[in-house]
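Chemist: what shape does this take:
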Amino acid sequence: MATSGGKGTILVVEDDAAIRSGLLDVLVFNGYHPHGAANGCDGLDAARNGRIDLILLDVMLPGMDGFHLCQTLRDEGSEVGIIMLTAKGSQADIIAGFNAGADDYVSKPFSLAELMVRIEAVLRRRRRPAAADTIHRQGITFDADLLEMVSPTGRQPITRREMEIVTYLHRRPNRIVSRQELLSQVWRYKDPTVETRTVDIHIQKLRKKVARLIGERPFIRTIRGEGYRLEPEA
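Modeler: Numbers count the residues shown, from 1 in each chain. Take a look at the predicted model:
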């Protein structure tokens, strides 16, 4: 992971000059080494050519929107941390961001304290060694090295975060795992009570991918008011 002193190098891609300047100041105050870009094209160039640990990426940008920028970096193999900054708070927009490869999202207006929590959590996850498990569950092989799910009926790509969810639940087969525990242990949030739909959306996406391979059989069960668990093998 690229780090050039301090707590890490962060690229802020935001077309609003006042917001961009404010974020740069806050990041310096919190010990980060920040850079700014005012549009999507400049942001993409900076991400490609700089040693960047994390990108704070606005969705609505001139030249290239944040979704396209994020997807382009992921298609090129970049593993830089990406947090989407968006005034669009609908579930469809949040899912679009995760589908493009974002690690997390923060809806505007946001508190700076919350943003710092999200930044620290993404950087901790990125610094942690990736799991190297191959898990076999309900006729599906989950391959952490290739990041894909394989069954006799086909294969589906899987994100690193989705693989970590399956791995964490798989290692705890006889108990319910709470949303707060997933935020703490998988997302690495220091404060797992933070308000976010990240867990629910990732579980939803994972269920859809599994369903494409084995149909609508139960895979991850939601225990209302408690959390999640993997369904036992038949």
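
Chemist: residue 38 and residue 58: what is the separation?
Modeler: Per C-beta to C-beta, to the nearest Å, residue 38 is found 10 Å from residue 58. All C-beta spots, glycine's among them, are computed from the backbone N, C-alpha and C.

Chemist: shared neighbours of these two, which are they?
Modeler: Taking C-beta atoms under 8 Å, 6 or more residues apart in numbering as the contact rule, residue 38 and residue 58 both touch 14-15.

Chemist: got the contact list for residue 69?
Modeler: Residues in contact with residue 69, defined by C-beta under 8 Å, 6+ apart, are 13, 40, 43-44, 47, 57, 61.

Chemist: let's have these in a markdown table, adding distance to residue 141 and neighbour count.
Modeler: Listed next are the contacts of residue 69 as a markdown table, based on distance: C-beta to C-beta, whole Å; neighbours: other C-beta atoms under 10 Å:
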| residue | distance to residue 141 | neighbour count |
| --- | --- | --- |
| 13 | 37 | 27 |
| 40 | 37 | 25 |
| 43 | 37 | 29 |
| 44 | 35 | 20 |
| 47 | 33 | 23 |
| 57 | 33 | 29 |
| 61 | 39 | 22 |
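
Chemist: more crowded one of residue 38 and residue 58?
Modeler: Neighbours were counted for residue 38 and for residue 58 using other C-beta atoms under 10 Å; residue 58 has more, 25 against 18.

Chemist: pretty sure that one contacts residue 36?
Modeler: No - Residue 58 sits out of contact with residue 36 when judged by C-beta atoms under 8 Å, with a separation of 11.2 Å.

Chemist: before we move on, the earlier item: among the contacts of residue 69, which are in helices?
Modeler: Those of these mapping onto helices are 40, 43-44, 47, per DSSP state H.

Chemist: domain assignment for this protein?
Modeler: Residue ranges for the domains of the chain, per automatic domain parsing: 9-127, 134-230.

Chemist: next one: the longest one to chain centre, how far?
Modeler: The gap between the average C-alpha position of domain 9-127 and the chain average comes to 11 Å, counting by C-alpha atoms, centre = their mean, to the nearest Å.

Chemist: so what does the worst-scoring helix or strand of the chain on mean pLDDT touch, helix or strand wise?
Modeler: Lowest on mean pLDDT, DSSP states H and E among the helices and strands of the chain sits helix 91-100, with a mean of 83. Contact analysis of helix 91-100 by 3 or more C-beta pairs under 8 Å, 6 or more residues apart in numbering; DSSP states H and E lists helix 66-75, strand 81-86, strand 104-107, helix 198-214 as its packing neighbours.
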